[in-house]
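Peer 1: need a structure here:
(2 chains)
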2 protein chains.
Amino acid sequence: MLRSWARLSRALPGFVAPRSGVQAAVTPTGVLRHSSHKIWLTPSENSIDRAVPNSSWSQEMLHHFNRYIEMTKDGSWQKLPSYRSFYEHFPEGHERCELQKRRNRLFLRSIDEEGMGFEYVMFLNATEKRMVCLSQLGPYLEGPSGFAHGGSLATLLDSTLGGCAICVNRRVLTANLSINYKNPVALGSVVLAESRLDKIEGRKIFVSGEIRSADRQILHAEATALFIQLESSILPQEKTVFE
Amino acid sequence: MLRSWARLSRALPGFVAPRSGVQAAVTPTGVLRHSSHKIWLTPSENSIDRAVPNSSWSQEMLHHFNRYIEMTKDGSWQKLPSYRSFYEHFPEGHERCELQKRRNRLFLRSIDEEGMGFEYVMFLNATEKRMVCLSQLGPYLEGPSGFAHGGSLATLLDSTLGGCAICVNRRVLTANLSINYKNPVALGSVVLAESRLDKIEGRKIFVSGEIRSADRQILHAEATALFIQLESSILPQEKTVFE
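Peer 2: This is a model prediction of the structure:
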């Protein structure tokens, strides 16, 4: 569920909007800034990028991480950093933010122990209008015995499809997320959530994606999503990342 | 994503099935056993029911909890206990279970600190074919700044709609979960996820539901789901909870 700054600021009276002039697009894993056709993320002092290998990562996770890192070298893919909290992603938008909000944690980074929840890294390919999320699903994500909860897969899909829509327009609303579950994911597995921009019709952005085993041999779930662009976002300075 | 024991046991060679003769239906919060038209949950030695008030609960959460507890007194509603792990819900099915699986945690109970993740209690009304999940959403469920992640709402819906389908048939597969997001949920809010059985067509079970503010004034999200009954479950001794 991705909401524009404008909508969010209306939803709660106390919500602190970013400073005027800051061009920011909210994603579950970071803040994408737009400048011409390029994209980058806000550096944050004293924040730790958690989208890097740690001792809990399996050999398979490391293998696919290194494969994507290799693909960043020609500039076609970008690795997106990932912090624990929204505040860390966007400290300049939270100067007046109450302490409580600074203590919040992003849902996918809510578990302290490395390897027990989501271990994940997102990569963006702006040219191909694709985003992927490489993830290792830990034992605290259980639904049926030994398998990932359907909600944990929905969380990965919501984050990965939403990230793709935000590259079209930083002010979008999720209208629908529809998931077909195909095969359960054993805890400890390494999976790839992938998303792609399908089409844009007026203010509607259609994105689809799926979760597969990292070797792509097993389809675990597939999803479609519809995002709505807010009219206020159609401004000259708000260029799309996808051209 | 709810999977039958049979399907799950096929999915992983090492999966430990429950003992023969045990009639069990898996839910995200417990194991429902069927006996005639009644339903109850497996008691578990040394397990702590976490679906009870703690110091993190707001007055609003306590108020609605007490309201539903009052409604259990005439037998129309049942409060379902909720443990941290699948193993605790169903220890007799895991006698030979490897230690690792015993350490797993249900996704909704993965965060240690009280009040930081999902605080929730489920209630079942078998006569009306409804299930509700009263929940207080903590600060570690963040998506957009100050608001619950769409994946956390999907997790609540997956659990609540799936629980309803399981009351029809203990061996079901989720075929689709479709969510319309309407209004963001501020962290700290108390919400009600509700589900109801809509219809059964052959092996298809249609369930719908929504998430509303606890006072029902705000619709946050609505969802439909389709579950498929496995043929092997159509056995005389597997009676439905809903009559």
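
Peer 1: Check which helix or strand residue A:64 maps to.
Peer 2: Assigned by DSSP states H and E, residue A:64 belongs to helix A:59-71.

Peer 1: Point out the other elements, helices or strands, that whatever helix or strand comes next after that helix touches.
Peer 2: Note on helix A:59-71: by DSSP H and E, the next helix or strand toward the C-terminus is strand A:78-80. Applying 3 or more Cβ pairs under 8 Å, 6 or more residues apart in numbering or on different chains; DSSP states H and E, we find strand A:78-80 packed against strand A:118-125. C-betas here are computed from N, CA, C, even on glycine.

Peer 1: The strand it packs on near chain B at all?
Peer 2: No. Strand A:118-125 does not reach chain B (Cβ under 8 Å from any Cβ of the partner chain); its nearest approach is 9.9 Å.

Peer 1: Please apply the same query to stretch A:49-63.
Peer 2: No. Contact of stretch A:49-63 with chain B (Cβ under 8 Å from any Cβ) is absent, the minimum separation being 13.6 Å.

Peer 1: Run through who's touching that stretch.
Peer 2: A:29, A:65, A:79-84, A:109, A:114-116, A:119-122, A:134, A:136, A:138, A:188, A:190, A:214 (Cβ atoms under 8 Å, 6 or more residues apart in numbering or on different chains).

Peer 1: Just the CA coordinates for that stretch, please, in PDB.
Peer 2: Output of stretch A:49-63 as PDB, limited to C-alpha atoms (Å, rounded to 0.1, in the frame of the first residue of the first chain):
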ATOM      1  CA  ASP A  49      22.400  -0.400   4.900                       C
ATOM      2  CA  ARG A  50      20.900  -3.800   5.700                       C
ATOM      3  CA  ALA A  51      20.700  -5.000   2.100                       C
ATOM      4  CA  VAL A  52      24.200  -6.500   2.300                       C
ATOM      5  CA  PRO A  53      25.400 -10.000   3.100                       C
ATOM      6  CA  ASN A  54      25.500 -11.200   6.700                       C
ATOM      7  CA  SER A  55      26.400 -14.500   8.400                       C
ATOM      8  CA  SER A  56      22.800 -15.800   8.100                       C
ATOM      9  CA  TRP A  57      22.900 -15.700   4.300                       C
ATOM     10  CA  SER A  58      23.000 -19.000   2.600                       C
ATOM     11  CA  GLN A  59      25.400 -19.800  -0.200                       C
ATOM     12  CA  GLU A  60      22.400 -19.600  -2.600                       C
ATOM     13  CA  MET A  61      21.500 -16.200  -1.400                       C
ATOM     14  CA  LEU A  62      25.100 -15.000  -1.700                       C
ATOM     15  CA  HIS A  63      25.400 -16.500  -5.200                       C
END
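
Peer 1: Show me the shaky parts of chain A.
Peer 2: Along chain A, segments meeting pLDDT under 70 span A:1-45, A:90-102, A:170, A:230-243.

Peer 1: Try it again at 50.
Peer 2: For chain A, residues meeting the criterion pLDDT under 50 lie at A:1-40, A:43, A:233-237.

Peer 1: which stretches of it form strands?
Peer 2: A:25-27, A:30-35, A:38-41, A:78-80, A:118-125, A:130-137, A:172-181, A:190-201, A:204-213, A:219-229 (DSSP state E).

Peer 1: Chain neighbours aside, what residue packs nearest to residue A:156?
Peer 2: Nearest residue to residue A:156 in three dimensions, chain neighbours excluded: residue A:193, at 4.5 Å (Cβ to Cβ, 6 or more residues apart in numbering or on different chains).

Peer 1: which residues touch that neighbour?
Peer 2: Contacts of residue A:193 (Cβ under 8 Å, 6+ apart): A:132, A:133, A:135, A:156, A:157, A:159, A:160, A:209, A:210, A:211.

Peer 1: Could you tell me how far the nearest residue to residue A:130 once chain neighbours are set aside is located from chain B?
Peer 2: Among residues not flanking residue A:130 along the chain, residue A:196 sits closest, at 4.9 Å (Cβ to Cβ, 6+ apart). Residue A:196 sits 19 Å away from chain B, going by Cβ to the nearest Cβ, to the nearest Å.

Peer 1: Tell me how many other residues surround residue A:196.
Peer 2: 17 (other Cβ atoms under 10 Å in any protein chain shown).

Peer 1: I'd guessed it sits against residue A:209; true?
Peer 2: Yes. Using Cβ atoms under 8 Å, residue A:196 makes contact with residue A:209 at a distance of 6.6 Å.

Peer 1: the inter-axis angle of the longest helix anywhere in chain A versus strand A:190-201?
Peer 2: Ordering each helix of chain A by length in residues (DSSP state H) puts helix A:150-166 first. Using axes from the mean of the first three to the mean of the last three Cα atoms, to 10 degrees, the inter-axis angle of helix A:150-166 relative to strand A:190-201 is 40 degrees.

Peer 1: Contact partners for the residue nearest to residue A:208 when sequence neighbours are not counted?
Peer 2: Leaving out its chain neighbours, the residue that sits closest to residue A:208 by Cβ to Cβ, 6+ apart is residue A:224, at 4.7 Å. Contact analysis of residue A:224 by Cβ under 8 Å, 6+ apart lists A:176, A:177, A:178, A:206, A:207, A:208.

Peer 1: can you pull up the bridge partners for the third one?
Peer 2: What it means is residue A:178. residue A:224, residue B:178 (DSSP bridges).

Peer 1: returning to that earlier point: for the residue nearest to residue A:156, which residues make a bridge with it?
Peer 2: On the basis of DSSP bridges, residue A:193 is bridged to residue A:133, residue A:211.

Peer 1: Distance check, it against chain B.
Peer 2: 11 Å.
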